[in-house]
Structures are given as C-alpha cells and as structure tokens.
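Engineer: I'll drop the sequence and a predicted model, then ask my questions.
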Amino acid sequence: MNAVDRPDLTGHVALVTGASSGLGRRAALVLSEAGASVVALARRVDALRSLEDEAPGPLVALPADLSDRDGLADLARRATEPFGAPDIVVHAAGINTREMADDVTTEGWDATIHLNLAVPFFLSQCLVPAMKEKGWGRIVNFASLQSHRAFPGGLSYGASKGGVAQLTRAMAEAWSKDGITANAIGPGFFRTELTAAVFGDPERAARNAAQTCIGRNGEVEDMDGPLLFFCSDACAYVTGQVLMVDGGFTAK
C-alpha cells in the first residue's frame, strides 16, 4: 500500500499494545505514518524509546506490564494523558509458552489466557466509554492460525486465540451500535520474535511457506493494508470479522 492509498487518521488517537517488537511495532509505525497520534505500550523501555525515535509522527512510549490484571483501569487512564482518549486500540501483545499438552502448567495456562484473551477485553472495556461518547471507535484484536487449527505445543495458545475470535464477535455485538467496530487480524507465519523458533528451522519455515496459496511466508509490510482498513472509516460497516492474513494458509 503506497502513501496515496493510505487512509488519513489525523485527529485519531491509537493505543497499541505489544508495540516494542514484531507486528505490534509495525502497527504503531504504520498508524503513526497514517496521521494518528500513537501511544505505544510494552514492557521493554529501550525498545519503546527507539520506536519513539523511529516514528514518523507523534508517538509516546508507555512502559507497562499487562500481567498486572488489577492495573488495567489505571493503565487506560495513563493512555489518555499524552493525546486524549484513544479511539483506536490494537491488541498486539501476546505470549506463546509452546508447552506440549502433557506439560501444560497452570502458571503457563493462566499467563497465556490472561495476556492473549482477558487483556484485550478488559482494557477495551475501560476505553469504550470515551469511544461511545465520541460515537466512533476501532478495536483490532490479533487472532491466529491457531484460532482455527491445532498445532503441536499450542494447546493454551490455541485456546486463547480461539477465544479471541469469539471475543471479537461478542465485542461487535455489544458495541457496534455505538459506532465502535471490533475486528481481528489472523496472521500467518511472519518473522517476529514470537515465531523465532519457527524461522530458526529453515526446513520448517520452507514447509510453512509451501502450505500457503501464495508460496511464501509473511513480511511485516503485508499487515499494513488490513490493519489500516480496520482502523479507518473504510470498515464502518464491517465488524465482528476475523481476517486471515496468511497467504492462503487456511484456504488449503
């Protein structure tokens, strides 16, 4: 998507979680380039500071630990301080413990379900009142190939991402009448820190590429168009949907 095609998000405030790396970092940069004022949330301060330097538009780092479930309301309040209340929220933070079914621990299960499923709901719940007041809002969740398919070592991750697909539909049912759309992007295999184990095995990466219709794995730039669509006026009548950005992996 070139600059001419990009929607103008000037005047909007976006909160992006998981913004220090991978697809979350790309989302923060793309939204900044499109004119939104961005609040970039993650734990790693150094990575966030470098993101502030790289961003083409207004972007403020918000170091925070989303594992603190009692702190989400305060976190939502802090996210309003730099530019006002966010009317776009992109939930890119996630964890994959890669525990085999027989080895899943309660600690790993709880951490996965909390960060991947509970945080997108409860953080959105805190931000929705301001969106309702404005009559406009965009919620973008991150689903996964494992929202639809079971992978080895992905029991708790798959359960959380299957939940994200239904959470997205439930958010749409609850809030779309107030002008707030809720949609999800389901990435295929993209080279990020979360998929380092996959791309560390060239044969495995090649097999994944061969399973797509397009014949390659994803590049972070492939996420730009779908993300901007879901964050703009272009999706005013699109809500409750999961768009698989996977090169056709789930089509085969």
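Structural biologist: Right, received. Where do you want to start? Numbering: from 1, shown residues only.

Engineer: okay, and for the protein, where does confidence drop off?
Structural biologist: 1-4 (pLDDT under 70).

Engineer: From the centre of it, give me the residue that's furthest out.
Structural biologist: Largest separation from the mean C-alpha position in the chain: Asp102, at 28.8 Å (C-alpha atoms, centre = their mean).

Engineer: so is it in a helix, a strand, or just coil?
Structural biologist: Classification of Asp102 by DSSP: H, G, I helix; E, B strand; the rest coil places it in helix.

Engineer: For Gly153, see how far away it is.
Structural biologist: Distance, Asp102 to Gly153, by C-beta to C-beta, to the nearest Å: 11 Å. (C-beta placed from N, C-alpha, C; glycine too.)

Engineer: Let me see the ranges of the strands in the chain.
Structural biologist: Using DSSP state E, the strands of the chain run over residues 13-17, 37-42, 59-63, 88-91, 137-142, 180-187, 242-245.

Engineer: So what are the sheet partners of the longest one and their directions?
Structural biologist: This means strand 180-187. Strand pairing for strand 180-187, determined by DSSP bridges: strand 137-142 (parallel), strand 242-245 (parallel).

Engineer: Out of those strands, the one nearest Asn217 is which?
Structural biologist: Across the strands paired with strand 180-187, Asn217 has its closest neighbour in strand 242-245 (11.7 Å, C-beta to C-beta).

Engineer: Contacts for that closest one, please.
Structural biologist: With C-beta atoms under 8 Å, 6 or more residues apart in numbering as the test, strand 242-245 has contacts from 143, 145, 147-148, 165, 168, 183-188, 218, 222-223, 226, 230, 250.

Engineer: one step back: now the strands paired with strand 180-187 as a markdown table including distance to Leu15 and mean neighbour count?
Structural biologist: Formatted as a markdown table, the strands paired with strand 180-187 follow (distance: least, C-beta to C-beta, whole Å; neighbours: other C-beta atoms under 10 Å):
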| stretch | distance to Leu15 | mean neighbour count |
| --- | --- | --- |
| strand 137-142 | 10 | 26 |
| strand 242-245 | 20 | 19 |
